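Q: I need the structure of the sequence given here:
(one chain, ligands or ions: 4)
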Amino acid sequence: MIEGNKINKDKIAMVGTPCQILAAAKMDKYQDIIGESPINISIGLFCMENFSYNYMKELLSHYNINMKDIKECRIEKGYLWFFLTQDDVFKIPLDEAKKCIRKSCQICMDFTSELSDISVGSVGSPEGWSTIIIRTDKGLKLVDDAEKDNYIKTRPISDKGLILMDKLAMEKKKENKVEISRRERVGRPVISRRFLPEEDFEAEIADCQFKDLKSDVIDIGACVLCGACFLVCPENIIKIEDRKPEVKGECPEGCKACYAACPRTYVSEGITDKEESERKPFGDYIKIVSAKAPMINGQDGGVATALLSYALSNNIVDQVLVVDKSSTEPWKPVPKLTDNVAEVLEASGTKYAACPTFKSLKMGKEVKSGGK
Ligand SMILES: Cc1cc2nc3c(=O)[nH]c(=O)nc-3n(C[C@H](O)[C@H](O)[C@H](O)COP(=O)(O)OP(=O)(O)OC[C@H]3O[C@@H](n4cnc5c(N)ncnc54)[C@H](O)[C@@H]3O)c2cc1C
Ligand code: SF4
Ligand code: SF4
Ligand code: SF4
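A: Numbers count the residues shown, from 1 in each chain. Ligands and ions are numbered 1, 2, ... in the order given. Here you go, the predicted structure:
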């Protein structure tokens with residue numbers, strides 16, 4: 001463990017997009033470099049793309065819509081639907097919204113959070129239900145126990161649902177592989193797709209510090225704004241708000257924690273394999289089912305909220321990392337670490353914007369910049 005790193009030591013269940021789940025997987029794998037991993041259970045979301053809050057704000061201003069008036073957002077039937085506080089609904093074609101997609105999403109090869117314990121999405125299941133991909137024994141036990149205690153109910157997924165999931169997952173991989181090749185050709189290497197043998201990983205990143213994170217990831221539009229670099233920095237010199245991370249201070253010799261944790265730097269083959277990740281639509285899994293949490297008002301089946309609430313209520317974890325809405329700007333995501341089930345329930349629903357979720361895991365008042 002790197003001295004001075006004040007990472008929360010409780011057992012934590014997190015929910016996050018595939019890129020955030022990759023950061024959690026890297027923090028788990030490279031504990032000898034980064035320090036002990038705080039994440040005990042990961043619930044990954046499906047994710048085709050995410051939007052820049054600021055670009056979307058700008059786009060909507062052309063329609064005289066203020067982001068502060070949006071209480072909910074859904075992607076359905078080729079449109080982005082905005083539910084406004086005055087009970088109006090406003091929609092824009094997804095093709096138009098595509099100009100607001102974050103650049104880092106164009107090189108993302110994971111639709112279903114392939115490295116999570118359980119993945120949850122809407123594609124593949126009827127309205128009001130979620131699709132869940134159970135990937136690990138830990139995930140299987142959580143789902144089985146939550147079902148026995150009536151937090152969720154499950155049923156087999158339809159063949160039609162599976163075919164649609166397969167199609168969308170492979171489309172994302174195919175399209176983004178083209179963009180990855182394009183960036184490689186024009187001198188913007190996508191190093192997160194350059195998988196390294198386990199024994200080469202540490203040597204490759206031996207001298208990589210924040211300045212390398214900046215040149216290899218941040219300055220070339222690959223940062224997903226996850227906040228993992230902020231979390232693992234033992235010197236607490238990284239600042240991250242709504243925009244790109246910055247460093248305010250000197251990095252001590254030998255430290256490479258931020259570079260190792262970042263989901264957009266090298267990945268070693270012990271985490272995932274390049275060919276497999278290109279070939280398999282959903283990664284490895286135990287089973288896929290449709291599920292619903294009858295008591296929860298969620299984005300789809302409310303299953304993500306139900307599983308997190310179950311884990312907390314039954315002391316499987318001490319705290320839960322969710323992404324809530326800002327009280328002043330309802331569409332703006334705000335990461336929250338909580339041991340309060342009511343707060344987990346409040347955080348249900350999808351916020352289509354990136355946020356430095358791992359920031360809320362950092363403990364201690366000695367954070368010099370960016371921490372709260
Ligand atoms: C950016 C984004 C894009 C998505 N794209 C797709 C897609 O293309 N196809 C698809 O099938 N599903 C997609 N999803 C997942 C889908 O919107 C639902 O989140 C999922 O089906 C779970 O539904 P639920 O009712 O079980 O979740 P709920 O019970 O409503 O819980 C949702 C959970 O997601 C967390 N959350 C919300 N916003 C964020 C965020 N920005 N970052 C991290 N965590 C967040 C909340 O903390 C909450 O705990 C996307 C989700 C996100 C965040
Ligand atoms: S990089 Fe973009 S598309 Fe990929 S998981 Fe993250 S938010 Fe979703
Ligand atoms: S910013 Fe510097 S001190 Fe902080 S983790 Fe990165 S290399 Fe280490
Ligand atoms: S630079 Fe930091 S915030 Fe950006 S993707 Fe890497 S770890 Fe996440």
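Q: strands of the stretch 251-372 of the chain, start to end?
A: Along the stretch 251-372 of the chain, the segments classed as strands by DSSP state E, counting those that start in this stretch run 287-292, 319-325, 333-338.
Q: including distance to ligand 4, could the ones you listed go into JSON lines?
A: For glycine as for every other residue, the C-beta is placed from the backbone atoms N, C-alpha and C. Shown next, in JSON lines, are the strands of the stretch 251-372 of the chain (distance: least, CB to the nearest ligand atom, whole Å):
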{"stretch": "strand 287-292", "distance to ligand 4": "28"}
{"stretch": "strand 319-325", "distance to ligand 4": "15"}
{"stretch": "strand 333-338", "distance to ligand 4": "12"}
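Q: out of the ones you listed, deepest packed?
A: Counting by mean count of other CB atoms under 10 Å, strand 319-325 has the highest mean neighbour count of the strands of the stretch 251-372 of the chain, with a mean of 24.
Q: what's the local residue count around the closest residue to ligand 3 within the stretch 51-200 of the chain?
A: Proximity of the stretch 51-200 of the chain to ligand 3 (CB to the nearest ligand atom) peaks at residue 191, 16.3 Å away. When counting by other CB atoms under 10 Å, one arrives at 20 neighbours for residue 191.
Q: one more: the one 4 residues further on?
A: With neighbours defined by other CB under 10 Å, the count for residue 195 comes to 19.
Q: coming back round to it: kindly provide the distance from the residue of the stretch 51-200 of the chain closest to ligand 3 to ligand 2.
A: Counting by CB to the nearest ligand atom, to the nearest Å, the gap between residue 191 and ligand 2 amounts to 15 Å.
Q: looking at it, that residue is touching residue 263, isn't it?
A: No: using CB atoms under 8 Å, residue 191 is not in contact with residue 263; the gap is 11.0 Å.
Q: now the worst-scoring helix or strand of the chain on mean pLDDT: buried residues?
A: Sorting the helices and strands of the chain by mean pLDDT, DSSP states H and E puts strand 70-76 at the bottom, at a mean of 85. Of the residues in strand 70-76, 70, 72-75 count as buried by neighbour count, 16 or more other CB atoms under 10 Å.
Q: on contacts alone, who are the packing partners of it?
A: strand 79-84 (3 or more CB pairs under 8 Å, 6 or more residues apart in numbering; DSSP states H and E).
Q: spit out the contact partners of the nearest residue to residue 292 once chain neighbours are set aside.
A: Nearest non-adjacent residue to residue 292, counting by CB to CB, 6 or more residues apart in numbering: residue 301, 4.1 Å away. For residue 301, the contact set (CB atoms under 8 Å, 6 or more residues apart in numbering) comprises 125, 128-130, 152, 290-293.
Q: which one of these is nearest ligand 2?
A: For those, the minimum distance to ligand 2 (CB to the nearest ligand atom) is 17.1 Å, reached by residue 130.
Q: from residue 299, how far out is that closest one?
A: Distance, residue 130 to residue 299, using CB to CB, to the nearest Å: 8 Å.
Q: pick out whichever of those two has more residues nearby.
A: Neighbours were tallied for residue 130 and for residue 299 using other CB under 10 Å; the higher tally belongs to residue 130 (29 against 21).
Q: neighbours around residue 274, how many?
A: Neighbours of residue 274 using other CB under 10 Å come to 13.
Q: would you mind naming what in this structure lies close to ligand 4?
A: Proximity of the chain to ligand 4, by CB under 6 Å from any ligand atom, involves residues 213, 217-218, 223-229, 240, 245, 261-264.
Q: before we move on, the earlier item: for the residue nearest to residue 292, grab phi and psi.
A: phi -90, psi 0 (degrees, to the nearest 10).
Q: ok, now which ones touch the single nearest residue of the stretch 201-350 of the chain relative to ligand 1?
A: Residue of the stretch 201-350 of the chain nearest ligand 1, by CB to the nearest ligand atom: residue 298 (2.8 Å). Contacts for residue 298 (CB under 8 Å, 6+ apart) come out as 130, 304-306, 348-349.
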